[in-house]
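K.L.:
one predicted model, sequence on top.
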Amino acid sequence: MTNGLVVMTPTTVDKTGGSSTATINADGSVTFGSCETLSLNGVFTSDYDNYMIVMRLTSSAAGDILFRLRASGTDDATSSSYVNQFLRVDGSSVSGFRFSTQAFYPGEDLVTQRTGRTIYVFGPYLAQPTALRSVTSLDRSSANIEDVAATHNQSTAYDGFTIDPASTTNTTGLLTVFGFNQ
Amino acid sequence: MSFTITTVYPDGRTETRDATPEEVAQREADLVAFEAERIAREAAEAQAAAAKASAIAKLEALGLTADEVSAAFGL
């Protein structure tokens, strides 16, 4: 097999939200609409160690989005198991903070324009702690960058993940998961 | 809180079921934890922004221009 990025088609997608929609497209991407949570199962496998998730999305209201690793259909929301180091650049203002919680926090989502986000997941299917990194471009003050590094301390093999536009917002967009075939 | 979970398959089939009590409890706990984190994070950001504004004001009171403050201290 040629080295490079391999599209990981989910075995199933779980979604919540009264008017939510989701489709697993023929090319392996997932189109989703008005989802209060969206879970992709079977995208991390023993074939590859590292993965890249590319998404563009908008939310029904401005707010934070959460990301949890998932094994056999159950999210890992272990208390304080995700340590997030956040960096935001807004004009000439640079701010950073760190916090531990029960989810990876890859940044914000906004209503006004499309948010673009790439999430790298390092070794999720290995039964050892997982590292994550997210880079987000968003229409906060016209243009912001949010760069988040995170570690997750559970030694579990995960085969999927959930994105969760927390509180009452829902999310609409498209995402694709790629495995790195070294 | 109650909600349904719909599973979508690659061939377009869907299955919908009610969330289990455990899933509902987890969702409620997630939202409570998230809200607490959000409040703490925004308070920390506001505190940092206030400290930065105070520092800029003190530097400008010493005679530095806004451009000089920005160039020298990145504020």
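P.N.:
Arrived safely, thanks for sending. Residues are numbered from 1 along each chain as shown, chains lettered A, B, ... in the order given.
K.L.:
what are the phi and psi values at the nearest residue to A:Ala77 once chain neighbours are set aside?
P.N.:
Leaving out its chain neighbours, the residue that sits closest to A:Ala77 by Cβ to Cβ, 6 or more residues apart in numbering or on different chains is A:Gln102, at 4.3 Å. To be clear about C-beta, it is placed using only N, CA and C from the backbone, and glycine gets the same treatment. Main-chain dihedrals, A:Gln102, degrees, to the nearest 10: phi -100, psi 20.
K.L.:
settle this for me: A:Gln102 is touching A:Ser79, isn't it.
P.N.:
Yes. A:Gln102 is within contact range of A:Ser79, at 5.4 Å (criterion: Cβ atoms under 8 Å).
K.L.:
so what sits against both of these two?
P.N.:
Counting by Cβ atoms under 8 Å, 6 or more residues apart in numbering or on different chains, the common neighbours of A:Gln102 and A:Ser79 are B:Ala33.
K.L.:
these two: who's more crowded?
P.N.:
A:Gln102 (20 against 10; other Cβ atoms under 10 Å in any protein chain shown).
K.L.:
on the pLDDT front, check the more buried one for me.
P.N.:
Looking at A:Gln102, its pLDDT is 89.
K.L.:
contacts only, for it.
P.N.:
Residues near A:Gln102 by Cβ under 8 Å, 6+ apart: A:Arg68, A:Ala77, A:Thr78, A:Ser79, A:Ser80, A:Ser81, A:Tyr82, B:Asp30, B:Ala33.
K.L.:
what's the local residue count around residue 19?
P.N.:
Assuming you mean chain A. Residues within reach of A:Ser19, counting by other Cβ under 10 Å, total 9.
K.L.:
ah, no, chain B please
P.N.:
As a burial measure, B:Ala19 scores 16 neighbours (other Cβ under 10 Å).
K.L.:
hmm, it is touching B:Gln26, no?
P.N.:
No. Between B:Ala19 and B:Gln26 no contact is recorded; they are 9.0 Å apart, counting by Cβ under 8 Å.
K.L.:
distance check, the residue nearest to A:Ala77 against A:Tyr120.
P.N.:
21 Å (Cβ to Cβ, to the nearest Å).
K.L.:
wait, a helix at B:Ala46?
P.N.:
Yes. Assignment of B:Ala46 by DSSP: H, G, I helix; E, B strand; the rest coil places it within a helix.
K.L.:
that one: neighbour count?
P.N.:
Other residues near B:Ala46 come to 10 when the count uses other Cβ under 10 Å.
K.L.:
name the residues of chain A found near chain B, please.
P.N.:
Applying Cβ under 8 Å from any Cβ of the partner chain, we find that chain A lies next to chain B at A:9-16, A:20, A:22-24, A:36, A:64, A:66, A:75, A:77, A:79, A:92-95, A:97, A:99, A:101-103, A:105, A:164, A:166-167.
K.L.:
buried subset of the residues you listed as a ChimeraX selection?
P.N.:
Of the residues of chain A next to chain B, the buried ones can be selected in ChimeraX as follows, counting by 16 or more other Cβ atoms under 10 Å in any protein chain shown:
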select /A:9,10,12,13,14,15,16,20,22,24,36,64,66,75,77,99,101,102,103,105,164,166
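K.L.:
which of the residues of chain A next to chain B fall within strands?
P.N.:
A:12-16, A:22-24, A:64, A:66, A:75, A:93-95, A:97, A:99, A:101, A:105, A:164 (DSSP state E).
K.L.:
Three-state assignment for B:His49, please.
P.N.:
Not quite, residue B:49 is Ala, not His. helix.
K.L.:
could you do B:Glu35 as well?
P.N.:
Relying on three-state DSSP, one would call B:Glu35 helix.
K.L.:
if I look at it, how far off is A:Asp109?
P.N.:
Going from B:Glu35 to A:Asp109 by Cβ to Cβ gives 17 Å.
K.L.:
which stretches of chain B form helices?
P.N.:
Assigned by DSSP state H, the helices in chain B fall at B:21-61, B:66-73.
K.L.:
any residue of the shortest one touching chain A?
P.N.:
Same thing as helix B:66-73. Yes. Helix B:66-73 is in contact with chain A by Cβ under 8 Å from any Cβ, via B:Ser70.
K.L.:
sounds good, over and out.
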